[in-house]
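K.L.:
below: sequence and its predicted model.
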Amino acid sequence: MERIYADHAATTPLCDESRQAMEPWLAGGFGNPSSLHAEGREAKDALDEARAALSSALRCEFGEVVFTSGGTEAANLAIIGTALANPDPRRNRILFSAAEHHAVLHTEPILERLGYRVEMVQTDQWSRPDLDHLSDLLGDDVLVVSAMHANNETGAVTADLQRLSSSVARVGALWHCDAVQTFGHLPLDEALQADLLTVSAHKLDGPKGTGALRVKAGTRVAPLIRGGGQEREMRGGTENVGGIVGFAAALGARRGDVLGIADAFRSEASRLVPDLVWTLPERIQRLPGHTHFRIPRVSAESLLIVLDRLGVSASAGAACSSGAIEPSHVLLACGWSDEEAGEGVRFSFGSSNSERDAVEAASRLAEAVATIRRRRS
């Protein structure tokens, strides 16, 4: 049985463009970009070319791109680094959308030790920030607001980013936008108004261990990793040249019609599993390869175990190091009950999939549901 990988929102296979671009740096190119000799200059040139490619894609200045080890470090640098660099002690509140990635939410204990008060912005039933609630919370004591471009679990794209951006700017606060799921998949447009923007390579067929933070000129961010002064003294440590080159190469990789693939899965799954409940209605903009649903009285954990045995890789949301599946904080923020939140499942399709994969994945999903229900009867 051929396996079907339907967890591209967690990570993607490395594309040929990235692999080919990285090979010289893995096989022979070992120079340190900070060194002055020929090997170092060669590495520095490759780093500069990659930074130029990222800055072009992000429509920003060359020096506004800071390379990191991934999206999590970039988000931490954006939020904690801004808190450390804050010149105004009166700005002591930080706002997070309640459905943000843990890379954002788990900075709260550190921020509290630094003297900040963290408050949650409510979401609507589809995980998008409630902009009316955000307006109620905003004031001239807010330092930064973190609100993502699209949710990594439900796939919902945040609506009216222009209003969000204007509201945050009106009180003199900064906006951090997690664009990890959208970069390379959707036009960023309004998201590029953010003061701080997080992106990652391995969500768009690039290598793991490489990300970037776009820091708008004039935004104060203190480094979290010190020593060496790399990345314009915003992130110490010798850069991962191979990974960064692979990141830049992934920007030009060819991607098929993942929206059509996801739609094929939705259509077939709805036909084969009549009681399946889709999280997002058709009118809500979502990530192109993303589908999210629950099946009443079928836990995500049981379903994913059976699906894996049937050769389908899917997930219950954000990838987690413990492997344990708990009720999703995103779905709880949407107003789901604990039981419902424990039923949420994500199938996310990408460049390695075809419509045939999507139809077959739906067939195996129906088989998995039937298997679980037979065991109960």
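P.N.:
Received the coordinates, thanks. Numbering: from 1, shown residues only.
K.L.:
what residues does stretch 130-139 touch?
P.N.:
Outside stretch 130-139, the residues that touch it by CB atoms under 8 Å, 6 or more residues apart in numbering are 93, 95, 119, 121-124, 145, 147, 160, 163-164, 167-168, 170-171, 173. Where you see a C-beta, it was placed from the backbone N, CA and C, and this is true even at glycine.
K.L.:
in helices, which of these fall?
P.N.:
Residues of these located in helices (DSSP state H): 163, 164, 167, 168, 170.
K.L.:
only the buried subset of these, as a ChimeraX command please.
P.N.:
To isolate the buried ones among these in ChimeraX, judged by 16 or more other CB atoms under 10 Å, type:
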select :164,167,168
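K.L.:
need the ones in helices among the contacts of stretch 130-139 in a markdown table with pLDDT, can you?
P.N.:
Putting the ones in helices among the contacts of stretch 130-139 into a markdown table (pLDDT from 0 to 100) gives the following:
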| residue | pLDDT |
| --- | --- |
| 163 | 97 |
| 164 | 98 |
| 167 | 98 |
| 168 | 98 |
| 170 | 98 |
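K.L.:
of the ones in helices among the contacts of stretch 130-139, closest to residue 372?
P.N.:
Nearest to residue 372 out of the ones in helices among the contacts of stretch 130-139 is residue 164 (CB to CB; 40.6 Å).
K.L.:
touching, the closest one and residue 129? I think so.
P.N.:
Yes - proximity of residue 164 to residue 129 meets the contact threshold set by CB atoms under 8 Å, at 6.9 Å.
K.L.:
so what sits against both of these two?
P.N.:
Taking CB under 8 Å, 6+ apart as the criterion, residue 164 and residue 129 both touch 147, 158.
K.L.:
which among the contacts of stretch 130-139 end up buried?
P.N.:
Neighbour counting by 16+ other CB under 10 Å classes 93, 95, 121, 122, 123, 124, 145, 147, 164, 167, 168, 173 among these as buried.
K.L.:
check contacts around the fourth one.
P.N.:
What that stands for is residue 122. With CB under 8 Å, 6+ apart, residue 122 has these contacts: 98, 129, 130, 133, 333.
K.L.:
residue 146 now?
P.N.:
By CB under 8 Å, 6+ apart, the contact list for residue 146 reads 75, 78-79, 94-97, 100, 104, 175-178.
K.L.:
could you redo the last one with a cut-off of 7 Å?
P.N.:
By CB atoms under 7 Å, 6 or more residues apart in numbering, the contact list for residue 146 reads 79, 96, 97, 100, 104, 176.
K.L.:
what of residue 8?
P.N.:
Counting by CB under 7 Å, 6+ apart, the residues that residue 8 touches are 289, 348, 349, 350.
K.L.:
now with 6 Å?
P.N.:
If you count contacts by CB atoms under 6 Å, 6 or more residues apart in numbering, residue 8 has them with 289, 348, 350.
K.L.:
longest helix in the protein, please.
P.N.:
Longest among the helix segments of the chain by residue count, using DSSP H, is helix 355-376.
K.L.:
who's in contact with stretch 196-207?
P.N.:
Stretch 196-207 is contacted from outside by 11-12, 15, 18, 70-71, 74-75, 78, 176-180, 183-184, 208, 210-214, 243, 246-247, 250, 253, 351, using CB under 6 Å, 6+ apart.
K.L.:
check stretch 156-170 too.
P.N.:
The contact list for stretch 156-170 (CB under 6 Å, 6+ apart) reads 126-128, 131, 135, 145, 147, 149-150, 175, 190-191, 193, 280, 284-286.
K.L.:
after the helix or strand residue 45 falls within, next one along is what?
P.N.:
Element membership for residue 45 (DSSP states H and E) is helix 38-57. Per DSSP H and E, the first helix or strand lying C-terminal to helix 38-57 is strand 65-68.
K.L.:
next secondary structure after that following strand?
P.N.:
Using DSSP H and E, the helix or strand that follows strand 65-68 in sequence is helix 71-85.
K.L.:
distance from that next one to the middle of the chain?
P.N.:
15 Å (CA atoms, centre = their mean, to the nearest Å).
K.L.:
likewise stretch 105-120?
P.N.:
The chain centroid and the centroid of stretch 105-120 are separated by 21 Å, computed with CA atoms, centre = their mean.
K.L.:
got the end-to-end distance for it?
P.N.:
By CA to CA, to the nearest Å, the extent of stretch 105-120 from end to end equals 9 Å.
K.L.:
do stretch 339-349 as well
P.N.:
Stretch 339-349 stretches 26 Å from its first residue to its last (CA to CA).
K.L.:
kindly report the same for stretch 102-114.
P.N.:
Distance across stretch 102-114, first residue to last, is 19 Å (CA to CA).
K.L.:
what are the buried residues along that stretch?
P.N.:
Along stretch 102-114, these residues count as buried under the neighbour rule (16+ other CB under 10 Å): 103, 104, 105, 107, 108, 110, 111.
K.L.:
same question for stretch 279-295.
P.N.:
Buried residues in stretch 279-295 (16+ other CB under 10 Å): 279-280, 284-295.
K.L.:
restricted to helices, list the contacts of stretch 156-170.
P.N.:
Secondary structure assignment by DSSP H places 131, 135 of the contacts of stretch 156-170 in helices.
K.L.:
show me the contacts of stretch 156-170 that map onto strands.
P.N.:
When DSSP state E defines the strands, the subset of these inside them is 145, 175.
K.L.:
got a pLDDT number for residue 255?
P.N.:
As predicted, residue 255 sits at a pLDDT of 79.
K.L.:
so the residue nearest to it when sequence neighbours are not counted, which state does it fall into?
P.N.:
Excluding its sequence neighbours, the residue lying closest to residue 255 (CB to CB, 6 or more residues apart in numbering) is residue 351, at 5.1 Å. Classification of residue 351 by DSSP: H, G, I helix; E, B strand; the rest coil places it in coil.
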